[in-house]
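Colleague: dropping the sequence and predicted coords here.
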2 protein chains.
Amino acid sequence: MPEAGERQLLLAVQYLSLDPYMRGRMSDAKSYAPSTPIGGVMPGEGVGVVLRANHPGYREGDTVLAPTGWRTHAVVDADGLRKLDLSRFPAQTALGVLGMPGFTAYSGLRVIGQPKPGETVAVAAASGPVGSLVGQLAKHWGARAVGIAGGAEKCRYVTEELGFDTAVDHRAADFPALLAGACPDGINVYFENVGGPVWQAVLPLLNPFARVPVCGLIAQYNATEFGHENLLPATMRAVLTKRLTIRGFINYDFAAEHHADFLREVGEGVASGRFRYREDIVDGLENAPEAFIGMLDGRNFGKLLIRVQSA
Amino acid sequence: MPEAGERQLLLAVQYLSLDPYMRGRMSDAKSYAPSTPIGGVMPGEGVGVVLRANHPGYREGDTVLAPTGWRTHAVVDADGLRKLDLSRFPAQTALGVLGMPGFTAYSGLRVIGQPKPGETVAVAAASGPVGSLVGQLAKHWGARAVGIAGGAEKCRYVTEELGFDTAVDHRAADFPALLAGACPDGINVYFENVGGPVWQAVLPLLNPFARVPVCGLIAQYNATEFGHENLLPATMRAVLTKRLTIRGFINYDFAAEHHADFLREVGEGVASGRFRYREDIVDGLENAPEAFIGMLDGRNFGKLLIRVQSA
């Protein structure tokens, strides 16, 4: 068991969040964050209960959101953590709809997507923690929401539970035609979190001046080869002739300016039941690798969490 | 000889502008402007002298900027044209440094590129009418200007005459390494007007949060195949991990907001000699097709103009 130093906390991790960005930490390709060395602790956010507090702002039994990594217990610096108020929301929502995935949806759609009333917003992985909020926020802000998801059950959830206007199954053989039919007025905002074949189907549907926030490319994270057709010229041609904006972002780029608004607006929506969310909870840290591999394959249904230990 | 109707002018065309965008009009691929039908008149901007004026704002002998097309004489609607003051600038500058190419450079760099003092701005076709002003404006606004051009003579012109900090020959065998050496602090703004191999060399040098205004892709306009390596995933990965902004634009998207500033600022710079420009003038409308083909191949040196007839 590690020892908490000065201004540190010892946590018993309850929930560990598994997120696609972690795939980049398992690769030595240059990215915005360092790779995890062989034998190192995989990074990740968790919620944990304080077992020992060496900081005046915390005491034993508090629940905090912290960069715990893939661990049952973690010593973390206390300064800058977020203490969770369990009377308002379940602890693990700080890892999902009210956490990094939720803020990714909110900030990318608000700052880059900028949907106007009546416009069409399309998003893939629409039953996942980012996509589900993108579509619900699009509706909330007056736009039309088109979800893309894998399989009939997820598509049904996206329309019936989340209230998207329509959903399209990207596994259908005629997916590009189905997507075109679902977007009779084209697409004004495509929130890109998957890449790959979905992008190829979206590209011809994008309207002039469409905005494409890019927060993830899960379809290509595990790929080792990308086919023998150079698809870049067609994308660049569309950028030019349709005057597209394609902009990558990481949620924390926008935290200083927008995180407080996010917690307030989305928190109110979650509390009132307007914004729905779904969790896919797997028990046991030992099952995290397999669950993570499954997520990259679309086998999770909702925000993927590892229940490391019960409170 | 065509007849001018009401509120129309009959013009004798002096100069016709040849610009890469015209390649799109010769293709039936969907774009922001319609294709030219077989047997139709190729569109294009020209400066012409009024032979007959059926409009109270004009009289015979005036020189105007007008959408003349590839013609020796043209009848044009007078409303909305620009009458040129020849006491300040030569007429043909309205087709180059003070015309569409100049405004493309100005608006794309100002609105999308947003170079900050000390940042590095790179631009290809740097001896051409767009690239040459991009680099000079970058310097004017406090940034470092790196030009990319084809051949030693153009590179020398870019540094010695236009005052770019450095220039790199994209025909050199080790062009990617030379470009990397020319950009020791990376690239903050890449003004994209060519695409193709230059983009592949630029991509690894782009800094986090780099901006990429896209106004042209001349390297791919004539291509019929793009190789057997899919280069899109690497570009999208860079967009994500470096949080790039790639944004296409057409100069007139920004005209309402920025054209008056452009004419004032760049006009002052041209008048004072701060902003230099170079023209590549070919005599005779019958030589326009060959000159146009040569431009797509980089054989022009400066703004390509057809002198249709002397004033």
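Modeller: Structure's in. What do you need? Residues are numbered from 1 along each chain as shown, chains lettered A, B, ... in the order given.
Colleague: which outside residues touch the helix ranked longest in chain A?
Modeller: Longest helix of chain A, by residue count under DSSP state H: helix A:255-272. For helix A:255-272, contacts defined as CB atoms under 8 Å, 6 or more residues apart in numbering or on different chains pick out A:88-89, A:93, A:97-98, A:102-103, A:106-107, A:110-111, A:133, A:136-137, A:140, A:274-275, A:277. Just so you know, the C-beta spots here come from the backbone N, C-alpha and C atoms, and that holds for glycine as well.
Colleague: which of those residues are buried?
Modeller: Listed as buried from those are A:93, A:97-98, A:102-103, A:106-107, A:110-111, A:133, A:136-137, A:140, A:275, A:277; burial here means 16 or more other CB atoms under 10 Å in any protein chain shown.
Colleague: do a quick rundown of the helices in the stretch 1-150 of chain A.
Modeller: For the stretch 1-150 of chain A, applying DSSP state H, counting those that start in this stretch gives helices covering A:22-25, A:100-107, A:129-140.
Colleague: for those, could you give me a markdown table that also reports distance to residue B:64 and mean pLDDT?
Modeller: Listed next are the helices of the stretch 1-150 of chain A as a markdown table, based on distance: least, CB to CB, whole Å; pLDDT from 0 to 100:
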| stretch | distance to residue B:64 | mean pLDDT |
| --- | --- | --- |
| helix A:22-25 | 57 | 94 |
| helix A:100-107 | 49 | 98 |
| helix A:129-140 | 47 | 98 |
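Colleague: who wins for proximity to residue A:212 among the ones you listed?
Modeller: helix A:129-140 (12.4 Å; CB to CB).
Colleague: packing partners of that closest one?
Modeller: Counting contacts by 3 or more CB pairs under 8 Å, 6 or more residues apart in numbering or on different chains; DSSP states H and E, helix A:129-140 packs against helix A:100-107, strand A:120-123, strand A:144-149, strand A:187-191, helix A:255-272.
Colleague: go again with 10 Å.
Modeller: Identification of packing neighbours for helix A:129-140 by 3 or more CB pairs under 10 Å, 6 or more residues apart in numbering or on different chains; DSSP states H and E yields helix A:100-107, strand A:120-123, strand A:144-149, strand A:187-191, helix A:255-272, strand A:303-307.
Colleague: the closest residue to chain B within the stretch 51-200 of chain A: neighbouring residues, count only.
Modeller: Per CB to the nearest CB, residue A:195 is where the stretch 51-200 of chain A lies closest to chain B, at 5.6 Å. Taking other CB atoms under 10 Å in any protein chain shown as the criterion, the count of residues near residue A:195 is 23.
Colleague: check the burial of the residue lying closest to it once chain neighbours are set aside by counting its neighbours.
Modeller: Distance criterion CB to CB, 6 or more residues apart in numbering or on different chains; nearest residue to residue A:195, sequence neighbours excluded, is residue A:217 at 3.6 Å. Residues lying near residue A:217 (other CB under 10 Å) number 24.
Colleague: same question, residue A:309
Modeller: Neighbour number of residue A:309 under other CB under 10 Å is 15.
Colleague: swap in residue A:116?
Modeller: The number of residues packed around residue A:116, counting by other CB under 10 Å, is 11.
Colleague: ramachandran coordinates for it?
Modeller: Residue A:116 adopts backbone torsions of phi -100, psi 150, taken as degrees, to the nearest 10.
Colleague: so residue A:98 versus residue A:265, what's the distance?
Modeller: For residue A:98, the distance to residue A:265 (CB to CB, to the nearest Å) stands at 11 Å.
Colleague: any idea how far residue A:224 is from chain B?
Modeller: Separation of residue A:224 from chain B (CB to the nearest CB, to the nearest Å): 11 Å.
Colleague: next, count neighbours for that residue.
Modeller: So residue A:224, with other CB under 10 Å, has 4 neighbours.
Colleague: and the pLDDT for it?
Modeller: Residue A:224 carries a pLDDT value of 83.
Colleague: got a list of what it touches?
Modeller: Residue A:224 makes contact with no residue, according to CB atoms under 10 Å, 6 or more residues apart in numbering or on different chains.
Colleague: and for residue A:149?
Modeller: A:123-128, A:131-132, A:155-159, A:164, A:167-171, A:298, A:301 are the contacts of residue A:149 under CB under 10 Å, 6+ apart.
Colleague: now the buried members of those.
Modeller: Buried members of these, scored by 16+ other CB under 10 Å, are A:123-128, A:131-132, A:155, A:157-159, A:164, A:167-170, A:298, A:301.
Colleague: which stretches of chain A have low pLDDT?
Modeller: Scanning chain A with the threshold set as pLDDT under 70 gives A:311.
Colleague: okay, now the domains of it?
Modeller: As assigned by automatic domain parsing, chain A contains the domains A:8-96+A:279-307, A:100-252.
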